[in-house]
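Enquirer: the sequence and its predicted three-dimensional model are supplied below.
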Amino acid sequence: MSEKITLEAVSRRKALFMALAAPLGLAVPPTVLLGSDAETAQSADPETVQPAAQKTAQQVAQQTPAPQTAAPQTGTERRQERRTTRTERRQERRTARTERRTERRTARTQRRTGRAQRRTGGEEKK
């Protein structure tokens, strides 16, 4: 109890690092952070450590399921998909507009024919 507690000022850089590092520590599985027992047993030679680290990353990649999305990866592909979708929507609007116009014209012709038949007493004008 004879220890003195000293307060240390935290710089902005340290605060930012702590704020960003905490969620990252929770998101990364502990096996990736600590490494396997085989890695720790190896020597500190970079040539021997590097393939083991790559193997661990490959194993982690295999264990985590890949997202099942069909979304394109590059910006160009995403832009092309948006353009294609936009063109399809525009074509659907045009088709629907044409169908509505055809229905209106057909209904108008039927109304005119019906009125003409009533006016002439059942005979149709030609």
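Expert: Okay, I see it. Residues are numbered from 1 along each chain as shown.
Enquirer: quick check: mean pLDDT of the host helix or strand of residue 89?
Expert: In the assignment (DSSP states H and E), residue 89 maps to helix 75-120. Mean per-residue pLDDT for helix 75-120: 95.
Enquirer: who does that helix touch, helix- and strand-wise?
Expert: Using 3 or more C-beta pairs under 8 Å, 6 or more residues apart in numbering; DSSP states H and E, no helix or strand is in contact with helix 75-120. Bear in mind the C-beta positions are built from the backbone N, C-alpha and C, glycine included.
Enquirer: pLDDT score for residue 70?
Expert: Note for residue 70: predicted pLDDT of 64.
Enquirer: sorry, that was for residue 24
Expert: 69.
Enquirer: now swap in residue 30 and tell me
Expert: So residue 30 comes in at 62 (pLDDT).
Enquirer: going forward, the N-terminal residue is numbered 50.
Expert: All right, first residue 50 from here; so that's residue 79.
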